[in-house]
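>>> how would this look folded up:
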Amino acid sequence: MDMLFFLQDAGAGAPPAGGGQPAGPGLGGMMVPLVLMFVVMYFLMIRPQSKERKKREEMISNLKKNDHVLTSAGIYGIVKQVTDQDLTLCIDERKDVCIRVSKASIANLVKASGAPADSEPKAETTEKKS
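Below is the predicted model of the structure:
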């Protein structure tokens with residue numbers, strides 16, 4: 001146990017190898033890792049997020065009548081009327097049930113009005129050869 005205190009005291013009393021202050025990394029040595037972390041964060045987080053935001057804003061600005069949309073609340077509807085801040089969705093065509101929602105609540109464009117309807121996969125019939 002006395003040996004442990006001896007080793008600690010020996011290291012504390014010795015002056016550093018340059019005379020005065022111990023040499024540490026300079027300002028440039030500390031800035032390089034920070035700049036590299038920012039560049040990596042930009043390409044992994046900020047850039048893809050801004051691309052997605054621009055894509056969503058373009059989708060919302062191009063909404064028109066008879067587009068099939070999905071709201072952020074999970075409601076599917078057909079756009080019946082578009083104004084500057086909101087739009088009217090028809091959620092039940094047979095009973096003519098329509099609601100007014102904000103454009104910001106549109107999560108996804110399911111089908112554009114001019115797009116062809118998704119065709120059902122056709123069942124292939126194979127003829128047996130006898």
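
>>> buried ones in the helix or strand where V79 lies?
Per DSSP states H and E: V79 is located in strand 76-82. Neighbour counts over strand 76-82 (16 or more other Cβ atoms under 10 Å) mark G77, I78, V79, K80 as buried. Every residue, glycine included, has its C-beta placed from N, CA and C.

>>> tabulate these (a markdown table), appending distance to M45.
Formatted as a markdown table, these follow (distance: Cβ to Cβ, whole Å):
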| residue | distance to M45 |
| --- | --- |
| G77 | 33 |
| I78 | 35 |
| V79 | 33 |
| K80 | 38 |
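
>>> who touches the strand or helix carrying R56?
Assigned by DSSP H and E, R56 belongs to helix 47-61. Identification of contacts with helix 47-61 by Cβ atoms under 8 Å, 6 or more residues apart in numbering yields K103, A104, I106, L109.

>>> what mean pLDDT does it get?
Across helix 47-61, pLDDT averages out at 94.

>>> quick one: buried residues of the helix or strand that it is followed by?
Downstream of helix 47-61, the first helix or strand assigned by DSSP H and E is strand 68-71. Under the neighbour-count criterion of 16+ other Cβ under 10 Å, strand 68-71 has H68, V69, T71 buried.

>>> packing partners of strand 68-71?
Packing partners of strand 68-71 (3 or more Cβ pairs under 8 Å, 6 or more residues apart in numbering; DSSP states H and E): strand 76-82, strand 106-111.

>>> what's whichever helix or strand comes after the longest one packed up against?
This means strand 76-82. Toward the C-terminal end, the helix or strand that comes next after strand 76-82 (DSSP H and E) is strand 86-92. The contact analysis (3+ Cβ pairs under 8 Å, 6+ apart) places strand 86-92 against strand 76-82, strand 97-102.
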